[in-house]
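*Asks:* Sequence first, predicted model second:
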Amino acid sequence: MAQYQCVQFGICTRADKSECFDTGGDFKCGRDPEDPDCQGKLEPVTGGSKSGLGLKIGLPVAIVAVLAFGGMYLFKSPSEAQAPPADVTAAQLLKEVWPWLP
């Protein structure tokens, strides 16, 4: 059976204690005086695990993305790798970035 919790904090002692309970046919609020609409003011308690739509969709998408990038890295041809020219000096590279350097 589903668990419920009162959300009337400061008014209901069961809400202040964060007490969870089920609402059977003989449900009693326990407040003095009894609230006749207490059962209508209850909210269902969720289980603590996050099994939402984001997790159900996001996890497989993340796994596929990691596998795709891993496959691209493993199967790329060596000609795609760019090696820097061997005869370039540090002074030439610095002049490309900062042309005013001597």
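*Replies:* That came in fine, so what should we check first?
*Asks:* pLDDT below threshold where in the chain?
*Replies:* Across the chain, the stretches falling below the confidence threshold (pLDDT under 70) are 1-2, 23-37, 39-40, 46-53, 77-85.
*Asks:* mind checking how far Glu96 is from Val88?
*Replies:* 9 Å (C-beta to C-beta, to the nearest Å). Glycine gets a C-beta too; all of them are placed from N, C-alpha and C.
*Asks:* With Pro99 instead?
*Replies:* Relative to Val88, Pro99 is positioned 16 Å away (C-beta to C-beta).
*Asks:* How about Arg14?
*Replies:* Applying C-beta to C-beta, one obtains 76 Å for the distance of Arg14 from Val88.
*Asks:* Over to Ile11?
*Replies:* 77 Å.
*Asks:* again with Gly70
*Replies:* In this structure, Gly70 lies at 32 Å from Val88, with C-beta to C-beta as the measure.
*Asks:* and if you look at Lys56?
*Replies:* The span separating Lys56 from Val88 equals 51 Å under the rule C-beta to C-beta.
*Asks:* contacting residues for Glu96?
*Replies:* Glu96 makes contact with no residue under the criterion C-beta atoms under 8 Å, 6 or more residues apart in numbering.
*Asks:* try Phe21
*Replies:* If a contact means C-beta under 8 Å, 6+ apart, then Phe21 has Gln3, Tyr4, Gln5, Arg14, Phe27 as its contacts.
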